[in-house]
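Asks: Fold the following for me, if possible:
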Amino acid sequence: MPNSQFFFTGASVLSLIFALDGAWPMLAFSLLVMFTGIWRADREQISELAPSTLAMFISRQELPLLPLERFHGQELLHYEAGYPVYRVLRAGDLEWELAGRDGEVPCERDMIRVVPGLLYRRSSSH
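Replies: Residues are numbered from 1 along each chain as shown. Next up, the predicted model:
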């Protein structure tokens, strides 16, 4: 398929010809060609982006960032950004084990994200 500049040039030439000829209803066709050029230009720009840059523009299902106050922590590992990092979190009768940092560990179905951006996996022991 031709690139976007082909469509933009075509739309300009068609608009000029239709305007000089007085074929005003045909200007709608040149608009269609121009919108096709805009669509192609977007596709070209997206294909040139690096995958990491593209990930910023594509919406993804993110886990909500839960406050640490909802949980009772066990086995303090260290502090990160002023927040304690526990190996195990408990809320009611559910138990969650530290899986890693958000972005470093693939997000799975039975995970939660807790401040300061850590992923916890539901423990199978409960």
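
Asks: which residues touch residue 28?
Replies: With contact set as CB atoms under 8 Å, 6 or more residues apart in numbering, residue 28 has no partners. The C-beta positions use only the backbone N, C-alpha and C, and glycine is treated the same way.

Asks: any idea how far it lies from residue 35?
Replies: Per CB to CB, to the nearest Å, residue 28 is found 11 Å from residue 35.

Asks: and if you look at residue 105?
Replies: Taking CB to CB, one finds residue 105 at 42 Å from residue 35.

Asks: tell me the secondary structure for residue 86?
Replies: The local conformation at residue 86, judged by DSSP: H, G, I helix; E, B strand; the rest coil, is strand.

Asks: For it, the count of nearby residues, please.
Replies: 22 (other CB atoms under 10 Å).

Asks: name the element the closest residue to it other than its chain neighbours belongs to?
Replies: In this structure, residue 86 finds its nearest non-sequential neighbour in residue 73, 3.3 Å apart by CB to CB, 6 or more residues apart in numbering. Element membership of residue 73, judged by DSSP states H and E, is strand 72-80.

Asks: which secondary structure elements does that strand contact?
Replies: strand 83-91 (3 or more CB pairs under 8 Å, 6 or more residues apart in numbering; DSSP states H and E).

Asks: What separation is there between the closest residue to residue 65 other than its chain neighbours and residue 34?
Replies: In space, residue 65 comes closest to residue 113 once its chain neighbours are excluded; the distance is 5.5 Å by CB to CB, 6+ apart. The spacing between residue 113 and residue 34, counted by CB to CB, is 44 Å.

Asks: quick one, helices of this protein?
Replies: 4-21, 27-48, 51-57 (DSSP state H).
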